[in-house]
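Visitor: Quick one, structure for this:
(one chain, ligands or ions: 4)
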Amino acid sequence: METKNNIEERLSPFLEDNFDDSSLKNLSKKVEDRYNRPIISLRLSITNRCNINCLYCHHDGMMPSNNEMTSDEIFQILKIAKTLGVEKIRFSGGEPLIRKDIVEIIEKTASLNFKDISITTNGILLAKYAEDLFNAGLTRVNVSFDTLDSETYKKITTKNYLKEAKKGVLKAVEVGLNPVKLNMVVMKNINDNEVMEMFEFAKDNGLVLQLIELMKSENCDDNAFSEEYHFDVSLIEKKLAKLAKKVRTRKFMQDRKKYFIDDGEIEVVRPMDNTKFCENCTRLRITPEGKIKPCLLRNDNLIDIITPLREGASEDSLRKIFLEGISNREPYYINDNE
Ligand SMILES: Nc1nc2c(ncn2[C@@H]2O[C@H](COP(=O)(O)OP(=O)(O)OP(=O)(O)O)[C@@H](O)[C@H]2O)c(=O)[nH]1
Ligand SMILES: C[S@@+](CC[C@H](N)C(=O)[O-])C[C@H]1O[C@@H](n2cnc3c(N)ncnc32)[C@H](O)[C@@H]1O
Ligand code: SF4
Ligand code: SF4
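Guide: Numbers count the residues shown, from 1 in each chain. Ligands and ions are numbered 1, 2, ... in the order given. Here you go, the predicted structure:
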């Protein structure tokens, strides 16, 4: 049988960024999938609605739907996740901040004492909500922010909200959310020439820059877009590796690398065809209409948890449904040579 020390050693890389040592005491409760990947994090898409329309959007792998979970239903789902050892919660969408009850959702989530509660947002409404979200218990925020140029912003998002998004980012830092990450999807001939300028902006304002490879997904409106604008982020990564005075690997956060350069930090998210990324994937997803989604890039193995919950199923049966979702998890990109 595995000893507590072994478990701590095996799982320590999960704890590197947003955890403190107190999380160690519950490690033995972690549930693993069939590929020995522990489930550390739950990513809930809480709406499919959005106030902009990014050219590249994969909508977090969700199909259109108008049937959103209520804040109470979200709370019930989180309670079950907590009993299964989930430590990190992320709210995404669509645009999570267009839900009128977003502060209430964070308050309820915080009452369950997760180690890390974060939101991924386009930032347009962030200046309005940052302080209330922080006071409600939000730990940190990632903001989609692909460019500093207003024309390019309009081209990407079809709207003119760059100023609002920038204000939101700065307010998030001001109120104490930490880290605040800028999500930059790097696109050929659109913003690939802006990486260093974005890094300077990030450094000057206490932000982490997250460079993201444009991904193909059946949920993108037009996959031709991905073909045309796909930029090989590994080319930038090679340059970063030369410049960096320190590199860290988030081994069990999809093996992502963080590069520390001149008192600044750049993280690289490179999922496409990346078998290491999937090998080290520790998250489960929930769709806005309450289905467990085992993988961002698949829609054929979802499991309904909201209907049983609405019909009054016991916590035990809901836990079983969760475990069924976990057992459906498979790495999307696999190494064919093994
Ligand atoms: N393939 C794949 N891509 C993901 C997954 N999770 C996040 N991404 C991509 O990673 C990028 C950043 O996602 P975020 O929502 O900002 O959060 P995160 O990077 O996953 O989490 P932290 O680094 O812990 O803040 C987005 O472009 C996502 O599409 C995943 O499970 N699979
Ligand atoms: C789907 S959005 C939802 C949350 C919020 N509306 C936002 O934009 O931050 C979540 C993240 O996915 C990223 N994303 C969307 N489509 C993508 C694609 N095709 N390839 C890579 N990242 C993508 C966005 O940049 C954003 O950082
Ligand atoms: S803001 Fe987020 S959800 Fe909305 S279109 Fe852009 S990437 Fe998609
Ligand atoms: S298995 Fe791979 S593609 Fe699927 S969610 Fe995990 S990292 Fe993303």
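Visitor: Spell out whether the strand or helix carrying residue 118 and ligand 3 are in contact.
Guide: According to DSSP states H and E, residue 118 maps onto strand 116-121. No. Counting by CB under 6 Å from any ligand atom, no contacts exist between strand 116-121 and ligand 3, the nearest distance being 7.6 Å. For glycine as for every other residue, the C-beta is placed from the backbone atoms N, C-alpha and C.
Visitor: for ligand 4, what are the nearby residues on this structure?
Guide: Checking the chain against ligand 4 by CB under 6 Å from any ligand atom, the hits are 254, 271, 277-278, 281, 295-297, 331-332.
Visitor: Same list (the residues you listed) but as a markdown table, adding neighbour count.
Guide: Converted to a markdown table, the residues of the chain next to ligand 4 look like this (neighbours: other CB atoms under 10 Å):
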| residue | neighbour count |
| --- | --- |
| 254 | 18 |
| 271 | 20 |
| 277 | 20 |
| 278 | 23 |
| 281 | 27 |
| 295 | 20 |
| 296 | 20 |
| 297 | 17 |
| 331 | 17 |
| 332 | 17 |
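Visitor: partners of the strand holding residue 118 in the sheet?
Guide: strand 88-92 (parallel), strand 140-144 (parallel) (DSSP bridges).
Visitor: Output the below-cut-off pLDDT ranges for the stretch 51-200 of the chain.
Guide: Applying pLDDT under 70 to the stretch 51-200 of the chain flags the ranges 62-65.
Visitor: and if we set it to 80?
Guide: Within the stretch 51-200 of the chain, the segments meeting pLDDT under 80 span 60-66.
Visitor: so where do the helices sit in it?
Guide: Along the stretch 51-200 of the chain, counting by DSSP state H, counting those that start in this stretch, helices occupy 71-83, 102-110, 126-136, 150-157, 162-175, 195-204.
Visitor: which residues are in contact with the last one?
Guide: Spelled out, it's helix 195-204. 145, 147-148, 182, 184, 186, 207-209, 211, 236, 261-266 (CB atoms under 8 Å, 6 or more residues apart in numbering).
Visitor: cool, and the longest one?
Guide: When contacts are taken as CB under 8 Å, 6+ apart, the neighbours of helix 162-175 outside the stretch itself are 121-127, 130-131, 134, 141, 143-145, 147-150, 153-154, 180, 182, 205-207.
Visitor: Repeat the analysis, applying 6 Å as the threshold.
Guide: 123-124, 126-127, 130-131, 134, 141, 143, 145, 150, 153, 180, 206 (CB atoms under 6 Å, 6 or more residues apart in numbering).
Visitor: quick one: residue 205 and ligand 1, what's the gap?
Guide: Residue 205 sits 17 Å away from ligand 1, going by CB to the nearest ligand atom, to the nearest Å.
Visitor: Ignore what I typed, I meant residue 268.
Guide: 10 Å.
Visitor: Can you verify that residue is assigned to a strand?
Guide: Yes. Using DSSP: H, G, I helix; E, B strand; the rest coil, the assignment for residue 268 is a strand.
Visitor: on that earlier part again, quick one: the strand holding residue 118 near ligand 2?
Guide: Yes. Strand 116-121 lies within reach of ligand 2 by CB under 6 Å from any ligand atom, at 120-121.
Visitor: Please see if that strand touches ligand 1.
Guide: Yes. Strand 116-121 reaches ligand 1 (CB under 6 Å from any ligand atom) through 118, 120.
Visitor: Next to ligand 3, which bits of the stretch 101-250 of the chain? Give me the list.
Guide: So the stretch 101-250 of the chain meets ligand 3 at 122, 144 (CB under 6 Å from any ligand atom).
Visitor: Next, count neighbours for the residue lying closest to residue 125 once chain neighbours are set aside.
Guide: In space, and not counting its chain neighbours, residue 125 is closest to residue 97: 4.1 Å by CB to CB, 6 or more residues apart in numbering. A count of neighbours around residue 97, defined by other CB atoms under 10 Å, yields 25.
Visitor: can you give me the helices for the stretch 201-338 of the chain?
Guide: So, for the stretch 201-338 of the chain - with DSSP H, counting those that start in this stretch - the helices run 223-229, 233-243, 275-279, 306-310, 315-327.
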